[in-house]
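Undergrad: what would the 3D arrangement of this be:
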Amino acid sequence: MAQSLQKRPPILRHFHDLKDPRLDRKKRHLLSDIIAITICAVICGAEEWTEIVQFGNAKLAWFKTILALPSGIPSHDTFGRVFSLLDPKSLQDCFPRWMACVRDKTGGEVVAIDGKTLRNSFDKASSKAAIHMISAWGDGNGCVFGQLKVDSKSNEITAVPRLLELLELSGCIVTMDAMGCQKEHAKLIKAKGADYVLALKGNQGHFHDEVKNFFDDALKTNFEDLPRQVLSTTEKDHGRIEISKYRLVTDLKWFEKAKGWPGICGVGMVESERRTAAGNSSEVRLFCTSLNEIKPFSRAVREHWHVENCLHWSLDVTFIEDKCRIRKDNAPENFAVMRHIALNLLKKETSLKLGIKAKRLQAGWNNEYLLQVLLS
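TA: Below you'll find the predicted structure:
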C-alpha cells in the first residue's frame with residue numbers, strides 16, 4: 001500500500017531540522033531526503049555514494065510515496081558533498097534524541113562504552129589519520145545509544161565526557177574499560193542518575209596497585225574475617241567453556257584512594273578460566289564500582305563484552321565498515337552514524353526471525369519490509 005507524505009516514518013522527522021551546509025542557490029534536493037535515502041540504502045547493503053544513487057533510482061517510485069524529491073534522486077557527487085560538509089555534531093545530537101523516543105526504558109540496563117577505529121578512513125592525500133569512534137551500546141535494547149569521534153589530537157579519556165553528556169542514562173549501569181576509569185567519568189555518570197563499573201589496570205597507578213595488593217593478601221588467607229560477596233558462573237558456547245568467579249568488597253575503610261571517587265561503593269575481582277579445544281587460559285580483572293550488590297556487578301562485567309560481539313562484530317562483518325573507502329572531510333564520521341542508525345533499525349525490527357544480513361537482503365527485495373524496518 002502506498003505511504004502518503006503525511007505518514008512519513010517517524011525516524012525521518014528526527015533529522016528534519018539538521019542545518020543544511022549548502023548555499024541556498026545550490027539546494028536542488030532536500031537535506032532530509034538525502035538523509036532518508038542514505039539510511040534506506042545502508043539498511044539494504046549500500047556502501048558508497050554510487051551504490052546509494054543506484055539504490056535510489058531503483059526505488060524511485062517507492063521513495064516518492066514517503067519523500068518530497070523535488071528534483072528526483074541526487075547524484076553521487078551531491079551525496080558525497082553533503083556528507084563531507086554536514087556538521088557531525090549536529091547529526092550526532094539528533095541520534096540520541098531519536099533513541100530516547102524509541103528506546104524501551106529498562107531499569108539496570110548495561111550501557112557499554114567502547115571505541116573502534118575505522119581502519120580504511122585514513123586519507124593519504126591530506127595526511128588524515130583513520131578516525132576513531134566511541135560508541136555507547138545498550139545491551140538490554142541491543143542498540144547504539146550514541147557515538148562520537150575522538151579528536152585526532154586527543155584520546156578516549158577526553159571524548160567520553162562529551163558522549164556521556166549526550167545520553168539519557170537514568171537507572172543504567174555504565175561500563176568502560178581501563179581507559180575510561182577516571183574520576184570525572186564517575187562523577188558524570190552519577191550525576192546522570194546511573195551507576196558505573198570501571199575496569200582497573202596499571203594506568204591508574206597507586207589506585208590499581210592498592211586494590212591488587214588488597215586482593216592478593218586476601219586470597220592468601222582465603223578472605224579470613226573479610227566480608228565479601230561471591231558469585232560463580234559457567235558459560236558454554238560453540239565449544240568454549242568459561243568459568244568465572246566474582247568477588248565484591250564493599251567495606252572500603254582500608255582503601256585510602258577510594259575517598260576521592262564519586263559514588264564508589266565497592267571494588268571487585270573477577271577470576272576467569274577459558275577452556276577450548278586449543279587449550280586453556282585464565283585471567284584476573286579488577287574493577288571499581290558504585291554498585292553494592294554482586295548480581296548486578298557480575299552481570300555488568302559479562303555484558304560489557306557484548307559491545308564487541310554485537311556491535312563491533314556486526315559493523316565489521318555485516319556492514320564491512322573497515323573496508324569502507326569514504327574518506328573526505330566529515331563524510332567518514334557521518335557515514336558511521338548512518339551505519340549505526342541502520343543497525344539499530346534492523347535490530348529493533350523483530351518480526352523476521354533472521355540475522356542482520358538476511359534482514360538487509362529482505363529490505364532490499366521487499367518495499368513493505370523496508371518500510372516496516374523504518375517504522376520499528
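
Undergrad: all strands for the stretch 201-350 of the chain, in order.
TA: For the stretch 201-350 of the chain, the strands defined by DSSP state E, counting those that start in this stretch cover 229-237, 240-249, 266-276, 279-289.

Undergrad: distance to Arg13 and mean pLDDT added to those strands, as a markdown table?
TA: Backbone N, C-alpha and C define where each C-beta goes, glycine included. Formatted as a markdown table, these follow (distance: least, Cβ to Cβ, whole Å; pLDDT from 0 to 100):
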| stretch | distance to Arg13 | mean pLDDT |
| --- | --- | --- |
| strand 229-237 | 40 | 89 |
| strand 240-249 | 44 | 92 |
| strand 266-276 | 43 | 91 |
| strand 279-289 | 39 | 91 |
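
Undergrad: between those strands, which gets nearest to Asp93?
TA: Nearest to Asp93 among these is strand 279-289; the distance by Cβ to Cβ comes to 29.9 Å.

Undergrad: partners of that closest one in the sheet?
TA: Using DSSP bridges, strand 279-289 pairs in its sheet with strand 195-200 (antiparallel), strand 266-276 (antiparallel).

Undergrad: return the most buried member of those strands.
TA: Of all the strands paired with strand 279-289, strand 195-200 has the most neighbours on average by mean count of other Cβ atoms under 10 Å, namely a mean of 25.

Undergrad: now that one - C-alpha only, CSV.
TA: Taking Å, rounded to 0.1, in the frame of the first residue of the first chain, the C-alpha atoms of strand 195-200 are listed here in CSV:
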residue,chain,number,x,y,z
ASP,A,195,25.8,3.5,38.3
TYR,A,196,29.2,2.5,37.0
VAL,A,197,31.5,-0.5,36.7
LEU,A,198,35.0,0.6,35.5
ALA,A,199,37.9,-1.7,34.8
LEU,A,200,41.1,-1.1,36.7
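
Undergrad: mean confidence score for it?
TA: Per-residue pLDDT over strand 195-200 has a mean of 95.

Undergrad: one more: stretch 312-323?
TA: 84.

Undergrad: export the strands paired with strand 279-289 as a markdown table, with columns for distance to Asn57.
TA: Converted to a markdown table, the strands paired with strand 279-289 look like this (distance: least, Cβ to Cβ, whole Å):
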| stretch | distance to Asn57 |
| --- | --- |
| strand 195-200 | 48 |
| strand 266-276 | 49 |
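
Undergrad: wait, which of these is closest to Cys324?
TA: strand 195-200 (29.6 Å).

Undergrad: who touches the helix or strand harbouring Met133?
TA: Following DSSP states H and E, one finds Met133 within strand 132-138. Contacts with strand 132-138, where a contact means Cβ atoms under 8 Å, 6 or more residues apart in numbering, come from 103, 109-118, 143-150, 156, 159-160, 163, 167, 172, 306-307, 310-311, 333, 336, 340.

Undergrad: could you do stretch 281-288 as well?
TA: With Cβ under 8 Å, 6+ apart, stretch 281-288 has contacts from 181, 186, 197-201, 207-208, 211-212, 215, 258, 261, 264, 266-274, 297, 301.

Undergrad: likewise stretch 225-242?
TA: So stretch 225-242 is in contact with 218, 243-251, 272-277, 293-295, 298, 302, going by Cβ under 8 Å, 6+ apart.

Undergrad: which elements pack onto the lowest-mean-pLDDT helix or strand in the chain?
TA: Least confident helix or strand of the chain, by mean pLDDT, DSSP states H and E, is helix 10-14 with a mean of 78. Packing partners of helix 10-14 (3 or more Cβ pairs under 8 Å, 6 or more residues apart in numbering; DSSP states H and E): helix 31-43, helix 88-102, helix 367-375.

Undergrad: domains for the protein, by residue range?
TA: Per the record, the chain has its domains at 5-87+330-375, 93-314, by automatic domain parsing.

Undergrad: name the next helix or strand downstream of the longest helix along the chain, please.
TA: Across the chain, the longest stretch assigned as helix under DSSP state H is helix 331-348. Using DSSP H and E, the next helix or strand after helix 331-348 towards the C-terminus is helix 356-365.

Undergrad: for that following helix, buried residues please.
TA: 356, 359-360, 362-364 (16 or more other Cβ atoms under 10 Å).

Undergrad: over to stretch 60-79?
TA: 62-63, 66-67, 69, 73-74, 76, 78-79.

Undergrad: for it, how far is the first residue from the last?
TA: 16 Å (Cα to Cα, to the nearest Å).

Undergrad: picking that back up, filter the contacts of strand 132-138 down to the ones in helices?
TA: Among the contacts of strand 132-138, the members falling in helices (DSSP H) are 156, 159-160, 163, 306, 333, 336, 340.

Undergrad: picking that back up, for Asp87, which of the strands paired with strand 279-289 is the nearest?
TA: strand 195-200 (30.4 Å).

Undergrad: for that closest one, give me every contacting residue.
TA: Residues from elsewhere that reach strand 195-200, judged by Cβ under 8 Å, 6+ apart: 172-178, 180-181, 185-186, 189-190, 207-208, 211, 263, 267-268, 285-291, 296-297, 300-301, 304.
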